[in-house]
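# return atomic coordinates for the entry below.
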Amino acid sequence: MKRETLFSLLLALVALALAALALGVSFIGLFPISGGAENIARGEHATIGGGCDNTASGISATVPGGEHNTARGDWSFAAGRRAQANHQGAFVWADSTDADFASTARDQFAVRANGGALFNVGDAALRVAGDTEITGVLYVSTIGTRSSRERKENFAPVDVQELLLRLVEIPVTTWNYRSQNPAIRHIGPMAEDFNVLIDGLGGEGEEYINMLDANGVALAAIQGLHGLSQEQAARIEALEVENAALRSQMDDLEARLAALERVLYPKLQGR
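Below you'll find the model as predicted:
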C-alpha cells in the first residue's frame, strides 16, 4: 500500500474519531472489543475489555475481561471466570472456579469468592440496607444493634409477670437445621411460638426470631424473676419476723411453766 493511501486512511480515521467526539460517541462505542480472543460484543453499546470467549449481548453490557463470561442482561456486568449476568442491571463477579455462576434476579449484586471476601472500610461503617440472609456460619467479633431512644417511638409498657407466665409455656428443644449435618445441634424455641409472646413480634418475618426481641424478652423475664424473688424475699422476711415473735412467746411460756413447776412441785411432794 502506498504511503499516500496510508496517510489518507489515517486522516479518515482521525476525521471519524473527531466526528464521534463531536456527536458524544465514545471510542469504546466505535470499537467495543479492546483485546483478547474469541470475544463477541453484539449488544448495542456493549463492551468487552479483553480475555477470551466472552460475550456481551445486552444493551450497554460490559465484560472487562476474564474467560467464558456472559453479560446478557441490559446494563449488566460480568467478570472473572464463567460469570453469567443474565438479568437487567445484574453485576456478577466470579472467581477462578471452573463452574457457571449466574445472577438470579434483576439489579442483583452477585459475587463468588471461595477464597473469602475482604471489606476494609477503615473507621467508616459497612452499611447494608434491607434484609440480609447468610447461608453458613457468620464469625464476628462484636454485634451492635442500634437501640438509641432517639430512633424509637410508640413506647408501651410490658407486663413482665404475664410475659414470664407465657414464656415458661414455650417449648425449648434441641434441633438441627435441615441444611446442616444432624450432628450439629442447636437449642432454642421455634419462631412460631416465640413471636406470639407479644403482639407485633415477627414483623420482619414470621419464620425469624429477631435477636433484639430475644434479648428484650430475656431482660423482661429477668425483671419478672427479680420481681418474684423480691416478693418471696419480703414474704420470707415477714415469716422470719413472725417466727421470731412466736419463738419469743414460746420462750416466755416455757419460763412461766418452769416457774410454776418450781412452786407446785414441793407441795405435791409433801402430800
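# helices along the stretch 51-200 of the chain, start to end?
160-167, 191-194 (DSSP state H, counting those that start in this stretch).
# present these as CSV; the columns should include mean pLDDT.
Formatted as CSV, the helices of the stretch 51-200 of the chain follow (pLDDT from 0 to 100):
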stretch, mean pLDDT
helix 160-167, 94
helix 191-194, 95
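# and of these, who's closest to Phe91?
In terms of CB to CB, the element of the helices of the stretch 51-200 of the chain nearest to Phe91 is helix 191-194, at 32.5 Å. To be clear about C-beta, it is placed using only N, CA and C from the backbone, and glycine gets the same treatment.
# quick one: name whatever helix or strand follows the closest one.
Following helix 191-194 in sequence order, the next helix or strand is helix 211-270 (DSSP states H and E).
# quick one: mean pLDDT over that following helix.
For helix 211-270, the mean per-residue pLDDT is 91.
# which strands or helices does it pack on?
helix 160-167, helix 191-194 (3 or more CB pairs under 8 Å, 6 or more residues apart in numbering; DSSP states H and E).
# okay, the angle between it and helix 160-167?
Angle, helix 211-270 to helix 160-167, by axes from the mean of the first three to the mean of the last three CA atoms, to 10 degrees: 100 degrees.
# how distant is helix 211-270 from the center of its chain?
Offset of helix 211-270 from its chain centre (CA atoms, centre = their mean, to the nearest Å): 53 Å.
# you'd agree Gly89 is up against Ser103?
No - Gly89 lies out of contact with Ser103 (CB atoms under 8 Å); the separation is 9.2 Å.
# out of those two, which sits in the busier spot?
Comparing Gly89 with Ser103 by other CB atoms under 10 Å, the one with more neighbours is Ser103, at 25 against 17.
# got the confidence number for that one?
97.
# what sits against the residue lying closest to it once chain neighbours are set aside?
Spatial nearest neighbour of Ser103, excluding adjacent residues (CB to CB, 6 or more residues apart in numbering): Ala90 at 3.7 Å. Counting by CB atoms under 8 Å, 6 or more residues apart in numbering, Ala90 touches Gly73, Ser76, Phe77, Ser103, Ala105, Arg106, Asp107, Gln108, Phe109, Ala110.
# do Gly202 as well
Gly202 neighbours (CB under 8 Å, 6+ apart): Ala191, Phe194, Asn195, Tyr208, Asn210.
# who wins on neighbours among the residues you listed?
Asn195 (22 neighbours).
# could I get the phi/psi values of it?
Main-chain dihedrals, Asn195, degrees, to the nearest 10: phi -80, psi 0.
# can you start the count at 12 instead of 1 from here on
Got it, first residue is 12 now, which makes that one Asn206.
# and the gap between it and Ile198?
As judged by CB to CB, to the nearest Å, Asn206 and Ile198 stand 18 Å apart.
# can you pull up the most central residue in this protein?
Thr143 (5.1 Å; CA atoms, centre = their mean).
# Phe205 is in contact with Ala225, correct?
Yes - counting by CB under 8 Å, Ala225 touches Phe205, with 7.5 Å between them.
# now do stretch 123-141, average pLDDT.
Stretch 123-141 carries an average pLDDT of 87.
# need the residues that contact that stretch.
Counting by CB under 8 Å, 6+ apart, Gly91, Ala94, Trp104, Ala105, Asp106, Thr108, Phe112, Val122 sit against stretch 123-141.
# ok, so of these, who is nearest Leu230?
For the contacts of stretch 123-141, the minimum distance to Leu230 (CB to CB) is 37.6 Å, reached by Val122.
# can you tell me the closest non-neighbouring residue to that closest one?
Trp104 (4.7 Å).
# what pairs with that neighbour across the strands?
Note on Trp104: beta-bridge partners by DSSP bridges are Ala90, Val122.
# so what's it up against?
If you count contacts by CB under 8 Å, 6+ apart, Trp104 has them with Ala90, Gly91, Ala94, Ala121, Val122, Arg123, Ala124.
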